[in-house]
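Colleague: Pasting a predicted model and its sequence here:
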Amino acid sequence: MKKQNTFIVAAAVTAAVIAAFWLLLVAPGYTGNEINLTRGVTSQSMMSYQMHMILLWICVVIGVLVFSAMFISIVLHRKSRGHQAAQFTHSTKAEIVWTVIPVIILVVMAVPATKALVNMEVAPETEMTVKITGFQWRWKYEYIEDGIQFISSLDADSNAARRVDSGTDPVNVDNYLLDVDKPLVIPANTKIKFLITADDVIHSWWVPALGWKRDAVPGFINEAWTEVMEPGVYRGQCAELCGKDHGFMPIVLNVLPKADYQAWVAEQNEEVAHEQAETERLWTLDELMDRGAGVYAAQCATCHQADGQGLAPAFPALAGSGVTNGPLDANIEVILHGRTGTAMPAWGSMLSDSDIAATLTYTRNAFGNETGDVVQPQTITRIKNG
């Protein structure tokens, strides 16, 4: 009778362990309070999730069997019941069994795991290609087939709220530090190849919902691919410690139905044509100052600060600077080509000629600087074309 009760208790304990695993790791997935691995929205992420769940339950079964056997043995063969410890050094049969069985389990697990890794690493025939370049601290996206390119930076609200004594409570900012001014837009149900690199230091492009991440290494191109099944907005971050503003380098992926994506591409092409027309006309000082203020807030204020006072010694002040108040040609050279050995990037390949002209006009006539210079986009175009 006692032996029967002991087995009942052991069975109850085993059932409780299984129920606990279910409640903590599986059931929450149906309520949105999941603490398990992210399911994701791609075939790769789902394959990883399924592998994870299979291996998890294998581990659960092994754990339940081992601990159940251990607890039953402890209870039924304890000294108080008159049992004496066996006097032996080893059992060849037991050693063979507990060696062979784990090896078989590992071999069985290796087959689907290898398939998942091959699927993740070997890109199928893709339909479009996007080049991603990491900069301190922003991303540049280039659509190879469509001829579209732009810079994606931390959105203005988050950038303002993150500053010391900003007067803005980050709690009141939607998606604080996880939103950008221009998201990467791709079509759903489309196989897409990503070419990932960096211009300055090592970054890492990571959107958890895709099920993978890739390092962005200067001078080297890493490849990845994806096919997002569900339209929606998916967020990520740089996953490499890339400098002082590493925490302010988010990624936003906007996945659209194919028809909506084609409409977006048409809009971008119209903007490119409009930008070209804007480059060819003469701008007023007020127009340049207004546009320059916006570009400065989005791209420059991170380092040089909103008031132009900088953060010495790494990020020099622009207020009263010998560069912003010195010869215009030298100032243009710094903006276009950057400065070797510093965090100053070469903006010539990232910003439009109109944005560069506006920013130069703004910085040379703001923060107490009064050069009176009006830099036209045509001037930047002429210098860039040599």
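Modeller: Good, I have the coordinates.
Colleague: When you work out contacts or count neighbours from here on, use the C-alpha atoms and nothing else.
Modeller: OK.
Colleague: mind showing which ranges of the chain have poor pLDDT?
Modeller: Residue ranges of the chain with pLDDT under 70: 1-35.
Colleague: again, only using 50
Modeller: 1, 29-30 (pLDDT under 50).
Colleague: Which residue ranges of it form strands?
Modeller: For the chain, the strands defined by DSSP state E occupy 128-135, 138-143, 148-152, 184-187, 192-198, 203-207, 212-216, 222-226, 232-238, 250-256.
Colleague: Pull out the buried residues from stretch 372-386.
Modeller: Val374, Val375, Gln376, Pro377, Gln378, Thr379, Ile380, Thr381 (16 or more other Cα atoms under 10 Å).
Colleague: Could you do stretch 335-351 as well?
Modeller: Neighbour counts over stretch 335-351 (16+ other Cα under 10 Å) mark Ile335, Leu336, Gly338, Ala343, Met344, Pro345, Ala346, Trp347, Gly348, Met350, Leu351 as buried.
Colleague: got it, and stretch 105-115?
Modeller: Going by 16+ other Cα under 10 Å, stretch 105-115 has these buried residues: Ala113.
Colleague: Now tell me what touches that stretch from outside.
Modeller: Here stretch 105-115 makes contact (Cα atoms under 8 Å, 6 or more residues apart in numbering) with Met51, Leu55.
Colleague: re the thing from before, and the strands of the chain as a markdown table, adding distance to Glu270?
Modeller: Output for these, formatted as a markdown table (distance: least, Cα to Cα, whole Å):
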| stretch | distance to Glu270 |
| --- | --- |
| strand 128-135 | 20 |
| strand 138-143 | 15 |
| strand 148-152 | 11 |
| strand 184-187 | 16 |
| strand 192-198 | 24 |
| strand 203-207 | 29 |
| strand 212-216 | 30 |
| strand 222-226 | 28 |
| strand 232-238 | 24 |
| strand 250-256 | 19 |
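Colleague: Next up, the contacts around Asn385.
Modeller: Asn385 touches nothing, counting by Cα under 8 Å, 6+ apart.
Colleague: In JSON lines: the strands of the chain, plus distance to Gly292 and mean neighbour count.
Modeller: Output for those, formatted as JSON lines (distance: least, Cα to Cα, whole Å; neighbours: other Cα atoms under 10 Å):
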{"stretch": "strand 128-135", "distance to Gly292": "21", "mean neighbour count": "21"}
{"stretch": "strand 138-143", "distance to Gly292": "18", "mean neighbour count": "21"}
{"stretch": "strand 148-152", "distance to Gly292": "16", "mean neighbour count": "19"}
{"stretch": "strand 184-187", "distance to Gly292": "24", "mean neighbour count": "22"}
{"stretch": "strand 192-198", "distance to Gly292": "26", "mean neighbour count": "22"}
{"stretch": "strand 203-207", "distance to Gly292": "28", "mean neighbour count": "23"}
{"stretch": "strand 212-216", "distance to Gly292": "30", "mean neighbour count": "20"}
{"stretch": "strand 222-226", "distance to Gly292": "34", "mean neighbour count": "19"}
{"stretch": "strand 232-238", "distance to Gly292": "27", "mean neighbour count": "19"}
{"stretch": "strand 250-256", "distance to Gly292": "23", "mean neighbour count": "22"}
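Colleague: and the two most separated of the buried residues of stretch 335-351?
Modeller: Across these, no pair lies farther apart than Ala343 and Leu351, at 16.6 Å, counting by Cα to Cα.
Colleague: where along this structure do the helices fall?
Modeller: Ranges of helices within the chain are 2-21, 43-76, 92-121, 156-161, 258-280, 285-295, 301-304, 328-337, 353-363, 377-384, based on DSSP state H.
Colleague: Buried ones in the longest one, by neighbour count?
Modeller: In other words, helix 43-76. For helix 43-76, by 16+ other Cα under 10 Å, it's 43-50, 53, 55, 64, 68, 72.
Colleague: In contact with whatever residue is furthest in space from the centre of the chain, which residues?
Modeller: Most distant from the centre of the chain: Gly82, at 62.3 Å, with distances by Cα atoms, centre = their mean. With contact set as Cα under 8 Å, 6+ apart, Gly82 has no partners.
Colleague: That one and Pro102: what is the separation?
Modeller: 34 Å (Cα to Cα, to the nearest Å).
Colleague: ok, now Pro327?
Modeller: In terms of Cα to Cα, Pro327 sits 73 Å off from Pro102.
Colleague: how about the residue lying closest to Thr284 once chain neighbours are set aside, phi and psi?
Modeller: With sequence-adjacent residues excluded and distances taken as Cα to Cα, 6 or more residues apart in numbering, Thr284 is closest to Val374, at 7.8 Å. Dihedral angles of Val374 (phi, psi; degrees, to the nearest 10) stand at phi -120, psi 100.
Colleague: re the thing from before, distance to Phe135 added to the buried residues of helix 43-76, as JSON lines?
Modeller: JSON lines is the format used below for the buried residues of helix 43-76 (distance: Cα to Cα, whole Å):
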{"residue": "Ser43", "distance to Phe135": "29"}
{"residue": "Gln44", "distance to Phe135": "27"}
{"residue": "Ser45", "distance to Phe135": "27"}
{"residue": "Met46", "distance to Phe135": "31"}
{"residue": "Met47", "distance to Phe135": "32"}
{"residue": "Ser48", "distance to Phe135": "30"}
{"residue": "Tyr49", "distance to Phe135": "31"}
{"residue": "Gln50", "distance to Phe135": "35"}
{"residue": "Met53", "distance to Phe135": "37"}
{"residue": "Leu55", "distance to Phe135": "38"}
{"residue": "Val64", "distance to Phe135": "49"}
{"residue": "Ser68", "distance to Phe135": "54"}
{"residue": "Ile72", "distance to Phe135": "60"}
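Colleague: Among these, which one lies nearest to Trp225?
Modeller: Relative to Trp225, the closest of the buried residues of helix 43-76 is Gln44; by Cα to Cα it sits at 9.4 Å.
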